[in-house]
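**Student:** Pasting a predicted model and its sequence here:
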Amino acid sequence: MGTTSENKWEPKIVAFLCNWCSYAGADLAGVSRFQYPPNIRIIRLPCSGRVSANMILDALRSGADGVLVSGCHPGDCHYISGNLFARRRFALLNNLLEFVGIEPGRVNFSWVSASEGEQFAEVVREVTETVKKLGPSTRLVKNIG
Amino acid sequence: MSTANQKITEEIRAQAERLLSSGEVEAFLGYEKGSLPMSVRPFTARKPEDAGRLVWNSFCVLNLANYLPALLKSLEPPRRPGDPPPEGPLPRVAVVATGCWSRNIVVQIRENQVDRDRVTIVGVPSRGMVSAMKVRAAVNGREITAVTEEDHLLLVEGNGFRQEINRWDVVRDNCKTCRHPDPVIHDILIGKKAGQRQVQEPFAQVKDIESKDSARRWQWFAEAFESCIRCYACRNACPLCYCPTCFVDDSRPQWVGKSTDRTDTLLFHLLRAYHCAGRCTDCGSCESACPVGIPMRLLTKKLNMDVLEMYGSEAGMSLDEPLPLTTYDPSDPQGFVLTEREEKGGTR
């Protein structure tokens, strides 16, 4: 969707990060000055358990080329088990989306803790790379007018 | 000679009359004859005299569990929010239930929509219900004026034609792959239990689509759901859809648009199916209610398959088991998580 000054396509990726681990991990990546692609737009949520299918699909509908959902490692959830409930929901949603033909790699999930700044940068690099290969999102994007 | 369904009809009527006249139940939920061939209409008998209107045949495709929570609620004495709960036992309801419907009632009980003590479940082992759409296709879309049913044959009559159809040929796809035709919970059982059916490939239709690549799958999805007119009949026919405000009616935020825009239609179907994850019993009500024949059941079937494979659970099989999405296991598969791929080798 987005274009740079050289008119080269750059993907827009919506990242849903949990407040306690992944957002802090992103913060650590920032203060540690790790470089990662500027394609992600972060939305901070209390927990990965707060992420509903509606949000992920709404991001795709609104034209996001990729989605990243990231939370605490299983066992480390601030709310004890939010990410464990979420894991079942994500697994089913991920499979359902692939079943109807959303390209694998459009919607991504990861566990990144608050101390994993470098890992966060690595995840963003990987996701950006995957989405770039897939090209601009066309399926499930709502075109108005 | 009376057919199996006629015998069941008689027994349902006898039970309804007994339950209603003894005062054991206030209402008996079943079917009455519809106004068109191949149609029946959900019917609540409230007086013993009404029992004679109840029928049972192969066209009872709408899930009766769908009407249960609202019927129970309507029989409670009116009260305002904050009022104390009424004293003494509340009026009871009897409901006819086949395998899948009884499993839906189990789900409703687990989700606190139905109070087990207030329902008498009249179990009827299912022989599979017939798809009216398949019957119409079998007579090449000619107008049907009457259908007479025998145990293994359907006699279809119309203007200037008369045709015999093998019943099993026009049974709905979900019934053909059904493994649990017997009610899981019942207070009264009508007819003989069929036992667990052996089905070679219950998920063959899903696997067929999974054999396609991503682009082909998308093509299938977009084409199969293209004709949707967003009447929401599938949602309304579903016993799992009881939210006071459905996500399609939310306006802030508006998750799906209201028009028949392709993206909105596809999103509606994705989310509708997803909301049934781990709860759907593949009763086929949604597909039977659809006026344009959209195969939306395949989406829920896919979810059922994954839930069974990953979490080893089938919806509504036991009153003691939590629903799969209301629980977790620390060792749940997570091969789809980017940061777990190398170590785990990827489960899916």
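**Tutor:** Great, that's in hand.
**Student:** residue boundaries of the strands in chain A?
**Tutor:** Along chain A, the stretches classed as strands by DSSP state E are A:2-3, A:9-10, A:13-18, A:40-45, A:66-71, A:107-111.
**Student:** again, but for the stretch 151-300 of chain B
**Tutor:** Using DSSP state E, counting those that start in this stretch, the strands of the stretch 151-300 of chain B run over residues B:153-158, B:161-166, B:188-189.
**Student:** any chance of those in TSV, plus mean pLDDT and mean neighbour count?
**Tutor:** Glycine gets a C-beta too; all of them are placed from N, C-alpha and C. Below are these laid out as TSV (pLDDT from 0 to 100; neighbours: other C-beta atoms under 10 Å in any protein chain shown):
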stretch	mean pLDDT	mean neighbour count
strand B:153-158	92	17
strand B:161-166	93	13
strand B:188-189	95	16
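**Student:** Out of the ones you listed, flag the one nearest B:Glu76.
**Tutor:** strand B:188-189 (23.8 Å; C-beta to C-beta).
**Student:** what's in contact with the closest one?
**Tutor:** For strand B:188-189, the surrounding residues in contact (C-beta atoms under 8 Å, 6 or more residues apart in numbering or on different chains) are B:Gln15, B:Thr120, B:Ile121, B:Val122, B:Gly123, B:Val124, B:Pro125, B:Pro183.
**Student:** Quick check: phi and psi on the third one?
**Tutor:** For B:Ile121, the backbone dihedrals are phi -100, psi 120 (criterion: degrees, to the nearest 10).
**Student:** ok, it - contacts?
**Tutor:** For B:Ile121, the contact set (C-beta under 8 Å, 6+ apart) comprises B:Ala94, B:Val95, B:Ala97, B:Ser102, B:Ile105, B:Pro183, B:Ile185, B:His186, B:Asp187, B:Ile188.
**Student:** Looking at the residues you listed, state which has the most neighbours.
**Tutor:** Counting neighbours by other C-beta atoms under 10 Å in any protein chain shown, B:Ile105 leads the contacts of B:Ile121 with 30 neighbours.
**Student:** Can you report how many residues lie near A:Ile144?
**Tutor:** Per other C-beta under 10 Å, the neighbour tally for A:Ile144 reads 6.
**Student:** and the gap between it and B:Ala222?
**Tutor:** Between A:Ile144 and B:Ala222 the computed distance is 18 Å (C-beta to C-beta, to the nearest Å).
**Student:** now swap in B:Gly141 and tell me
**Tutor:** Remark: distance between B:Gly141 and B:Ala222 (C-beta to C-beta) = 26 Å.
**Student:** Neighbour count: the two, which is higher?
**Tutor:** Using other C-beta under 10 Å, the more surrounded residue of B:Gly141 and B:Ala222 is B:Ala222, with 17 against 8.
**Student:** Need phi/psi at the one residue in chain A that gets nearest to chain B.
**Tutor:** At 2.8 Å from chain B, A:Gly101 is the closest residue in chain A, using C-beta to the nearest C-beta. For A:Gly101, the backbone dihedrals (degrees, to the nearest 10) come out as phi 100, psi 20.
**Student:** so what's A:Ile56 up against?
**Tutor:** A:Ile56 touches A:Phe16, A:Val67, A:Val69, A:Leu93, A:Val107, counting by C-beta under 8 Å, 6+ apart.
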